[in-house]
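**Student:** Here is my input, please return the structure:
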Amino acid sequence: MRNEETRKNDSRDAGLPAQFLTQLRWIVLGVLTGAVTGLIGTGFYYAVRFATSFRMDHSWTIFLLPLGGLAIAAMYHLAGETEDPGTNLVIHTITGDGSIPLRKAPLVIAATTLTHLFGGSSGREGAALQFGGSIGYNLGLLFRLKEGDRRIITMCGMSAAFAALFGTPLTAAFFAMEMSSVGILYYAALVPCALSALTASALAEYLGAEKEVFYVRVVPELSVKSGISYGLLAILGALAAVLFCIALHTAGRLYGKYLKNRYLRIFTGGVLVMALTLLSGTRMYNGAGMSVINSAVQGNAPPEAFLLKMLFTALTLGAGYKGGEIVPSLYIGATFGCLFSNLFGTLPALSAAIGMGALFCGVTNCPIASLLLCFELFGYLGMPYYLIAIAFSYTFSGYYSLYSAQKIVYSKTENKYINRKAH
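**Tutor:** Numbers count the residues shown, from 1 in each chain. All right, here's what the predicted structure looks like:
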């Protein structure tokens with residue numbers, strides 16, 4: 001018995017050098033992936049910033065949105081992308097059911113820039129997950145990593161791209177490890193994802209990319225009354241997240257059902273967004289809308305803004321324009337929180353922050369990343385309220401998600417393995 005136990009201990013000890021070398025390799029690969037993806041992500045940041053600035057200075061660009069859509073469809077057609085599953089492909093790759101061609105990176109970068117240039121309603125982090133995953137996966141092929149390691153380096157690319165664009169390395173590292181399988185965190189990717197995110201974020205900051213922060217500096221002491229008030233906001237935010245997921249998926253299904261030709265589909269979507277923009281008399285629902293989020297934090301957003309942003313985004317992304325759903329989710333959360341603040345007299349900045357945290361968690365099913373996002377975007381002063389918001393949103397949003405490929409491995413309400421797809 002003693003000899004058997006000794007052999008096991010010797011085996012473990014002998015494995016230490018191998019473990020050290022493995023981690024040393026991941027340190028190198030994590031930093032390398034962060035540097036490569038961070039550099040490309042910073043270029044993408046400046047491309048989208050230029051597109052946004054040009055669009056805001058030239059309001060006539062909205063009339064070119066349908067033609068921009070045709071250009072996007074043509075690019076994907078020429079690249080042989082008959083169907084584009086978007087971020088779902090990255091999730092499939094992490095779970096072992098897919099692969100990401102390198103052409104995905106330039107395609108989604110160019111298409112997202114065109115979407116922002118002409119006024120489609122979308123974000124940029126969704127595109128970051130796609131091109132970051134593409135870069136990471138293909139670096140794995142270049143270095144001839146085995147399949148399991150390719151999944152890890154794919155997560156590294158996602159972390160790096162998210163961190164470069166949003167300046168939130170904590171969130172980026174954990175989001176990549178958490179998003180594919182709800183209830184499971186891929187700790188094996190912790191070291192390389194952390195280093196990739198930190199490297200990319202530092203490189204982007206060095207090259208002048210600005211971080212998005214909305215510090216909440218006035219927070220009431222947690223009490224039964226304030227806990228109930230802001231807890232109600234979190235629950236309503238979870239329901240708004242469900243509504244947003246339903247709107248996005250429904251728009252995609254309806255476009256696909258009635259407009260099977262990709263060119264006709266994206267052209268029609270562009271016409272609809274253009275018409276709604278002209279009818280609304282404002283450009284606040286085009287692009288990502290970071291300026292509107294800033295206004296909402298100050299308590300100055302129109303009451304209907306969260307619903308109209310849902311509509312604009314669903315019509316844009318459902319038609320085939322590119323970008324992402326995460327910044328629109330933050331927009332919807334901030335404006336919904338602003339509305340709640342105006343109706344019930346809560347603090348506007350804290351309400352907008354809770355709305356953003358609740359929406360992000362509700363649409364992604366990533367509570368740890370969502371809590372870290374709150375800390376990085378809003379500071380730690382409102383920690384008890386952010387914790388309540390994330391807990392309530394995660395539970396009350398059910399099994400809806402932005403990503404149909406996302407798997408709910410463990411139940412949200414019971415200690416039970418369910419392994420089902422998200423809605």
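**Student:** Can you pull out the low-pLDDT segments for the stretch 1-150 of the chain?
**Tutor:** 1-15 (pLDDT under 70).
**Student:** Pull out the buried residues from the host helix or strand of A349.
**Tutor:** A349 belongs to helix 348-364 when assigned by DSSP states H and E. For helix 348-364, burial by neighbour count (16 or more other C-beta atoms under 10 Å) applies to 348-364. Yep, even glycine has a C-beta here, placed from its N, CA and C like the rest.
**Student:** After that helix, which helix or strand is next? Please name it.
**Tutor:** helix 367-378.
**Student:** Tell me which residues are up against that next one.
**Tutor:** Residues outside helix 367-378 that contact it (C-beta atoms under 8 Å, 6 or more residues apart in numbering) are 167-168, 170-171, 174-175, 178-179, 185, 212-216, 353, 356-357, 360-361, 364, 382-383, 386-387, 389-391, 393-394.
**Student:** repeat that with 6 Å
**Tutor:** 168, 170-171, 174-175, 178, 213-214, 216, 353, 357, 360-361, 386, 390, 394 (C-beta atoms under 6 Å, 6 or more residues apart in numbering).
**Student:** Go through the residues you listed and name the one with the lowest pLDDT.
**Tutor:** Across the contacts of helix 367-378, the smallest pLDDT goes to V213, namely 88.
**Student:** That residue: what secondary structure?
**Tutor:** The three-state assignment at V213 reads coil, by DSSP: H, G, I helix; E, B strand; the rest coil.
**Student:** quick revisit: the helix holding A349 - contacts with which helices or strands?
**Tutor:** Under the contact criterion of 3 or more C-beta pairs under 6 Å, 6 or more residues apart in numbering; DSSP states H and E, helix 348-364 touches helix 224-258, helix 290-297, helix 326-344, helix 367-378, helix 383-396.
**Student:** picking up where we left off before, right, and out of the contacts of helix 367-378, which lies closest to L307?
**Tutor:** The nearest member of the contacts of helix 367-378 to L307, counting by C-beta to C-beta, is F360 at 18.1 Å.
**Student:** Check which residues of stretch 296-306 are buried.
**Tutor:** Taking 16+ other C-beta under 10 Å as the neighbour-count basis, stretch 296-306 is seen to contain the buried residues A296, V297, G299, A301, P302, A305, F306.
**Student:** Tell me which of these fall in helices.
**Tutor:** Secondary structure from DSSP state H places A296, V297, A305, F306 of the buried residues of stretch 296-306 in helices.
**Student:** got the angle between the strand or helix carrying V31 and helix 290-297?
**Tutor:** Using DSSP H and E, V31 falls within helix 2-57. Helix 2-57 and helix 290-297 are oriented at 100 degrees to each other (axes from the mean of the first three to the mean of the last three C-alpha atoms, to 10 degrees).
**Student:** Tell me the helix or strand right after helix 2-57.
**Tutor:** Next element after helix 2-57 (DSSP H and E): helix 65-78.
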